[in-house]
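[1] Need coordinates for the following:
(2 chains)
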Number of protein chains: 2
Amino acid sequence: MKKTITLLFTVLVGYAQAQNADSVTIRKIYNEALANGKSYDWLRYLTKQIGPRLSGSAGAQKAVDWTKQVMEKEGFDRVFLQDVMVPYWVRGAKEEAYIRIGKQKTTVPIAALGGSVATGPKGVEAGVIEVKSFPELRELGPDKVKGKIVFFNRPMDPTKINTFEAYGGAVDQRANGATEAAKLGAVGAIVRSMTNIHDDNPHVGGMRYGTGVPLIPTAAISTNGADLLSKSLAENPGLMFYFKQNCESLPDAKSYNVVGEIKGSEKPDEIIVVGGHLDSWDLAEGAHDDGAGCVQSIEVLRIMKVLGIRPKRTIRAVMFMNEENGLRGGVQYADLAKKNNEKHIAAVESDNGGFTPRGFGIVGTPDQRAKVMPWKPLLAPYGLLEIGAGGGGADIGPLAQSGTVLFGFKPDSQRYFDYHHTTIDKFETVSQRELELGAASMAALVYLLDQHGL
Amino acid sequence: MKKTITLLFTVLVGYAQAQNADSVTIRKIYNEALANGKSYDWLRYLTKQIGPRLSGSAGAQKAVDWTKQVMEKEGFDRVFLQDVMVPYWVRGAKEEAYIRIGKQKTTVPIAALGGSVATGPKGVEAGVIEVKSFPELRELGPDKVKGKIVFFNRPMDPTKINTFEAYGGAVDQRANGATEAAKLGAVGAIVRSMTNIHDDNPHVGGMRYGTGVPLIPTAAISTNGADLLSKSLAENPGLMFYFKQNCESLPDAKSYNVVGEIKGSEKPDEIIVVGGHLDSWDLAEGAHDDGAGCVQSIEVLRIMKVLGIRPKRTIRAVMFMNEENGLRGGVQYADLAKKNNEKHIAAVESDNGGFTPRGFGIVGTPDQRAKVMPWKPLLAPYGLLEIGAGGGGADIGPLAQSGTVLFGFKPDSQRYFDYHHTTIDKFETVSQRELELGAASMAALVYLLDQHGL
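    Numbering: from 1, shown residues only, chains lettered A, B, ... in the order given. Presented below is the predicted three-dimensional model:
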């Protein structure tokens, strides 16, 4: 009995000492990020000097070259590119759109959805059918839809506390609206922007065409524009809507994932990834989506290096290419990992904006999640209170097939869709402290994953 | 034994049913705030139509009249004013300041601290002594300080996770700097602005003179200005600093607390207060500080009324006057409560900005705090995870003497001091959802306090 107590005591003391050492290191990580952090200056350069960087564009290439240089300058053990062929869609000249009632035309702000076809040089004019859902559309049937523009106007649900849930409940309209409308003979699809606020910015985003249906042009309309169109339709059901867009899908282009690495000292073959995506929509500086995630990921490695934390395992910062309209970078990264027999024990992604940290969502087995729970008291002092099962991240998603445990960094979600996929997703909307706290939170998690495994 | 089990079962079922009913009501409260909330429109009016409202000013009086009208229009059971005499300090013409090295003058942004005396029409020019703390100043002694301007330049500590802690660690310079400098014969005191960011806005705030020392003029300098002054001093210790300010303390003015009330149906003599302060600094629209707290407090009562929640106890929304430079409204409210033998069981204040909710700080006995703990699962789905001992609020503070339990609404603190006490504390910096979530969080707490007491 005495022996057991002694053993238990030794184990408990050992555990307490380990927790204490972790606690001291995590405090140092936050101090470094908040007092000497580089993520904010990096984000300024990426958004203001490089700017929009849709896959295939000159901006995307500049971002590849620059992030590679930044990581080389920080002296990481290895910095390299992974080739990946990406879709190359271009918007062309700015879109035009108006509501026409008789001779009276009222301009409304629209923007072509990524992947859409053009309208042709004359544009498209047609009557409008407003619907809130696909079942409602199908009920109308081809007789009422043929030759019309379908207007998808179901708002994001403002009562969802997490705005990503509200987004998930509305984004089918953007992704598949054109296909569902085309099935019934529509000539175009106009989709209410995915945001809770009332503004004049079209919020763009990706869409895809189903097979075997005509490719009809589709665009996002600002929420104020959508409200106006809906009101106008109620008063004048016979009004006409005109829109012209000039977008085009060019042949796939060569691009890259950018990877920086600190080699593990004990288990170099076990890899922990921390990443974000380097591409942004063409209209946006991509500050929150996802410049923030990229600079935070580089900052994680910089902090470890400058604090002299020599990781046991290999830590990689990955700037994935093409999350927005293809996910080719994420797929390519996982394919190469498999081909090269790399063992990725965990991957952390930041792609929900550079907002104040709330926690992490974990994609893994209950046993794997249980291994993370003892770390909660170490992270709680930093506001990381929401740690549990949840989403990982689009780019790291393909790694799950090989058993990698995924962690989605979870910042506060309230403002994300104010800026998402618009011209106002700008550097100025990012709070330096919120960005830096995010970087420190990711570094703390990566440190714990490295120290204790999974 | 069987009886005991049956009894236990009945109690547990009853408890679960009560929690379930609370959970349903709280969900309705959030839905109402997020789908039909009025707080954001009210805040727009208060900041954009009324604007700055320092105690004694015409703006403050307009805010009194308007909030009274708003609450009357909402049909609360009773809306009334409480007279209170308030300090009446005015800034006068805009300040001027420059660093002079020989004949070269470099302008820097300053603003007189609230309560400061003027410099006189010719301003003050003197050499500068830079210090980081009062002990450092005292060590220099009168020989080095006499005839000089003391420059207090200790920054807020960026490594504090909660920015209010960093503020608490630096604000002595603003509050008492002039007094400490005057004791040693200084002719002026310039104080680094209380913010973590690097900007060109002087962040003002209150100061007070000690008794028996000369009243020397004191002003806040922007953080960029402070950095420039510090750098210039390192290079040219003999530089001169000039500043002119034209502020004045006028005789106390009559003003008001504004109170709206819903009468309790079972225990009308037990009062629960929810409030914020109506006054703001003269340079600011006072959106976060503290227009947000005012409109949220009115919204709490509106939500209860529109949802048909007839409270057991009397619920009051109180717009306190003069938090910024005197706290007279808060003191007056507590004095009247005592005089009128009113029993205030709890008071909730929102004065930390209209940011995304994190929780509540409680000032009460351990037993009182323990009564709140079973509510945690009801509030957790709304991101209210930080509930425990903590600060209440300046305005409700004086109620504590009579045993009222105080609750400080705790929104995320990261951006508060970016805007605090400056011209950029504007409506545009408030997120509608964050503001509304705060109002709903306060309403949920007030509902639970009313239902279950303390």
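[2] all helices of the stretch 251-400 of chain A, in order?
    Per DSSP state H, counting those that start in this stretch, the stretch 251-400 of chain A carries helices over the ranges A:292-306, A:328-339, A:366-372, A:376-379.
[3] most tightly surrounded among those?
    helix A:292-306 (a mean of 27; mean count of other C-beta atoms under 10 Å in any protein chain shown). For the C-beta atoms, the positions are set from N, CA and C on the backbone; glycine is no exception.
[4] Could you pull up the residues touching the spatially most central residue of chain A?
    Nearest to the mean C-alpha position of chain A, by C-alpha atoms, centre = their mean, lies A:Asp351 at 3.9 Å. Contacts for A:Asp351 (C-beta atoms under 8 Å, 6 or more residues apart in numbering or on different chains) come out as A:Gly276, A:His277, A:Asp289, A:Asp290, A:Gly293, A:Glu323, A:Gly393, A:Ala394, A:Asp395, A:Gly408, A:Phe409.
[5] Only the buried subset of those, as a PyMOL command please.
    In PyMOL, this line selects whichever of the contacts of A:Asp351 come out buried by 16 or more other C-beta atoms under 10 Å in any protein chain shown:
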select buried, chain A and resi 276+277+289+290+293+323+393+394+395+408+409
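[6] just checking, which of the contacts of A:Asp351 belong to strands?
    A:Gly276, A:His277, A:Gly408, A:Phe409 (DSSP state E).
[7] Run through the bridge partners of the first one.
    Counting by DSSP bridges, A:Gly276 is bridged to A:Met319.
[8] list the contacts for it?
    Contacts of A:Gly276 (C-beta under 8 Å, 6+ apart): A:290-294, A:296-297, A:319-320, A:349-351, A:395.
[9] try 10 Å
    Listed by C-beta atoms under 10 Å, 6 or more residues apart in numbering or on different chains, the contact set of A:Gly276 reads A:289-298, A:317-320, A:323, A:348-351, A:354, A:393, A:395-396, A:409, A:442.
[10] And the last one, by the same measure?
    Residues touching A:Phe409, when contacts are defined by C-beta under 10 Å, 6+ apart, comprise A:274, A:276, A:292-293, A:296-297, A:348-353, A:357-361, A:384, A:392-393, A:438-439, A:441-442, A:445.
[11] now the helix or strand A:Ala33 falls within: mean pLDDT?
    Using DSSP states H and E, A:Ala33 maps to helix A:2-36. Helix A:2-36 comes out with an average pLDDT of 82.
[12] which element follows it toward the C-terminus?
    helix A:39-44.
[13] Measure how far whatever helix or strand comes next after that next one is from the centre of its chain, please.
    Sequence order places helix A:58-73 as the next helix or strand after helix A:39-44, per DSSP H and E. With C-alpha atoms, centre = their mean, to the nearest Å as the basis, helix A:58-73 stands 19 Å off its chain's centre.
[14] Kindly report the same for stretch A:351-370.
    14 Å.
[15] Restricting to C-alpha, output it in PDB.
    The C-alpha coordinates for stretch A:351-370 follow below in PDB (Å, rounded to 0.1, in the frame of the first residue of the first chain):
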ATOM      1  CA  ASP A 351      -9.400  29.500 -42.000                       C
ATOM      2  CA  ASN A 352     -12.200  31.200 -39.900                       C
ATOM      3  CA  GLY A 353     -10.700  34.700 -39.800                       C
ATOM      4  CA  GLY A 354      -8.200  36.500 -37.700                       C
ATOM      5  CA  PHE A 355     -10.600  37.100 -34.800                       C
ATOM      6  CA  THR A 356     -10.300  36.700 -31.100                       C
ATOM      7  CA  PRO A 357      -9.700  33.000 -30.100                       C
ATOM      8  CA  ARG A 358     -12.400  30.800 -28.700                       C
ATOM      9  CA  GLY A 359     -11.000  27.300 -29.000                       C
ATOM     10  CA  PHE A 360     -10.400  24.400 -31.400                       C
ATOM     11  CA  GLY A 361     -12.700  21.900 -33.000                       C
ATOM     12  CA  ILE A 362     -11.200  18.400 -33.200                       C
ATOM     13  CA  VAL A 363     -11.800  15.700 -35.900                       C
ATOM     14  CA  GLY A 364     -10.600  12.400 -34.500                       C
ATOM     15  CA  THR A 365     -11.700   9.400 -32.500                       C
ATOM     16  CA  PRO A 366     -13.100   9.800 -29.000                       C
ATOM     17  CA  ASP A 367      -9.800   8.400 -27.600                       C
ATOM     18  CA  GLN A 368      -7.800  11.000 -29.500                       C
ATOM     19  CA  ARG A 369     -10.100  13.800 -28.300                       C
ATOM     20  CA  ALA A 370      -9.700  12.400 -24.800                       C
END
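[16] Buried residues, it. List them.
    Buried-residue list, stretch A:351-370, by 16+ other C-beta under 10 Å: A:351-364, A:368-369.
[17] cool, stretch A:114-121 as well?
    Per 16+ other C-beta under 10 Å, stretch A:114-121 contains these buried residues: A:Gly114, A:Gly115, A:Ser116, A:Val117, A:Ala118, A:Thr119.
[18] Just list the residues touching the nearest residue to the third one once chain neighbours are set aside, thanks.
    Once its chain neighbours are removed from consideration, A:Ser116 has its nearest residue in A:Thr218; the separation is 4.8 Å (C-beta to C-beta, 6 or more residues apart in numbering or on different chains). Counting by C-beta under 10 Å, 6+ apart, A:Thr218 touches A:110, A:112-117, A:149-150, A:152, A:173-174, A:176-179, A:181-182, A:186, A:188-191, A:207, A:209, A:243, A:245.
[19] So which residues on the stretch 151-300 of chain A come close to chain B?
    Where the stretch 151-300 of chain A comes near chain B, counting by C-beta under 10 Å from any C-beta of the partner chain, the residues are A:Asp157, A:Pro158, A:Thr159, A:Lys160, A:Ile161, A:Asn162, A:Thr163, A:Asn196, A:Ile197, A:His198.
[20] give me that answer again for 6 Å
    A:Pro158, A:Thr159, A:Ile161 (C-beta under 6 Å from any C-beta of the partner chain).
[21] Including secondary structure, could those go into JSON lines?
    As requested, those are exported to JSON lines (DSSP: H, G, I helix; E, B strand; the rest coil):
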{"residue": "A:Pro158", "secondary structure": "coil"}
{"residue": "A:Thr159", "secondary structure": "coil"}
{"residue": "A:Ile161", "secondary structure": "coil"}
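[22] Got a ChimeraX select line for the buried ones in these?
    Buried residues among these (16+ other C-beta under 10 Å), as a ChimeraX selection:
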select /A:158,161
